[in-house]
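Novice: Okay, predicted coordinates and the sequence, questions at the end:
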Amino acid sequence: MSTRRIPQALLTAVLLTATGVGLTTATASAEPAAQAAQAAPAAQGDFVVSKAQYNRMFPDHKRFYSYDALVKAMKKYPAFADKGNVKTKKREAAAFLANVSHETGGLVHIVEQNEANWPSYCDTTQPYGCPAGQSAYHGRGPIQLSWNFNYKAAGDALGIDLLHKPGLVQKKPVVAWKTALWFWMTQSGAGTMTPHHAMVNGSGFGQTIRSINGAIECNGGNPAQVRSRVTTYKKFTRVLGVNPGRNLSC
């Protein structure tokens, strides 16, 4: 699923993979959440999510989407999941991981599954064109980066020539995670704020959905997909032993 670019938003399009939908779980009370927090192992390094917790969230994740690769990528954006109190940090981590889970079927899919869409992501109005080929800018990585202008913008920010070498996002795990964090930390998409700011300033998980795929899913566009994201977010906050906060939907 994808949309064209919205003004001031370099990444309005993220792929909804066929298997990334419909995670369900019961709502937990505050008491089980607190118990989970006490039982959870300490996070590695400065990240509020431990490797054990990550593996609980993604029991079937591809090796490509390793915890260690994510932690390395986080060095590029040290403010990620590191602003505010512990609750805020955990909520942001859960929100990011819930959204990328939705985009990749639980960190299973590395590239966009609908190959028929691959030629659709070349915006020929851009002065730099599509030097890697018309079909080269399909969704890749945790956030399913797509469109030639998004590859260029992410590459420019990361110091990597993704316009000419978009395949690096599916070949190099740390690069893939960096593109997801680039969007999360710097882009507002169809929303009015970055997903990072939405979680840090208390606007809530619903605003992260709006930024990532709000033009398609929010305001009644696809309530089933919104519910899927929210369900996964609640599941991950329980793993981290924190309540999910307010304003979960869009």
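Specialist: Ah, there it is.

Novice: Provide a list of residues in contact with the residue lying closest to Ser66 once chain neighbours are set aside.
Specialist: The shortest distance from Ser66 to any non-neighbouring residue, by C-beta to C-beta, 6 or more residues apart in numbering, is to Pro173 (6.1 Å). To be clear about C-beta, it is placed using only N, CA and C from the backbone, and glycine gets the same treatment. Applying C-beta atoms under 8 Å, 6 or more residues apart in numbering to Pro173 gives the contacts 64-66, 69.

Novice: Okay, and the residue most central in space within the chain sits in which element?
Specialist: Taking C-alpha atoms, centre = their mean, the centroid of the chain lies closest to Val100, which sits 3.6 Å from it. Assigning secondary structure by DSSP states H and E places Val100 in helix 86-104.

Novice: Using PDB, write out every CA atom in that helix.
Specialist: Provided in PDB are the C-alpha atoms of helix 86-104 (Å, rounded to 0.1, in the frame of the first residue of the first chain):
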ATOM      1  CA  VAL A  86      11.500   5.700  31.600                       C
ATOM      2  CA  LYS A  87       7.900   5.300  30.700                       C
ATOM      3  CA  THR A  88       8.300   7.700  27.800                       C
ATOM      4  CA  LYS A  89      11.400   5.900  26.600                       C
ATOM      5  CA  LYS A  90       9.700   2.500  26.700                       C
ATOM      6  CA  ARG A  91       6.500   3.800  25.000                       C
ATOM      7  CA  GLU A  92       8.600   5.300  22.200                       C
ATOM      8  CA  ALA A  93      10.500   2.000  21.700                       C
ATOM      9  CA  ALA A  94       7.300   0.000  21.700                       C
ATOM     10  CA  ALA A  95       5.700   2.400  19.300                       C
ATOM     11  CA  PHE A  96       8.600   2.200  16.800                       C
ATOM     12  CA  LEU A  97       8.800  -1.600  17.000                       C
ATOM     13  CA  ALA A  98       5.000  -2.000  16.700                       C
ATOM     14  CA  ASN A  99       4.900   0.000  13.500                       C
ATOM     15  CA  VAL A 100       7.900  -1.700  11.900                       C
ATOM     16  CA  SER A 101       6.300  -5.100  12.900                       C
ATOM     17  CA  HIS A 102       3.200  -4.100  11.100                       C
ATOM     18  CA  GLU A 103       5.100  -3.000   8.000                       C
ATOM     19  CA  THR A 104       7.100  -6.300   7.800                       C
END
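
Novice: Which residues in that helix does the neighbour count mark as buried?
Specialist: 88-104 (16 or more other C-beta atoms under 10 Å).

Novice: how far does that helix sit from the chain's center?
Specialist: 8 Å (C-alpha atoms, centre = their mean, to the nearest Å).

Novice: now swap in stretch 124-141 and tell me
Specialist: For stretch 124-141 - counting by C-alpha atoms, centre = their mean - the centre lies 21 Å from the chain centre.

Novice: can you list contacts of it?
Specialist: The contact list for stretch 124-141 (C-beta under 8 Å, 6+ apart) reads 2, 13-15, 103, 110-112, 115, 117-119, 121-123, 145-152, 163-167, 169-170, 175-177, 179-180.

Novice: quick one: average pLDDT of stretch 215-231?
Specialist: Throughout stretch 215-231, pLDDT has a mean value of 97.

Novice: for stretch 67-81, same thing?
Specialist: 98.

Novice: how about that stretch: buried residues?
Specialist: Quick answer for stretch 67-81 (16+ other C-beta under 10 Å): 67, 69-71, 73-74, 76-77, 80-81.

Novice: repeat for stretch 170-184
Specialist: By 16+ other C-beta under 10 Å, the buried positions in stretch 170-184 come out as 170, 172-184.
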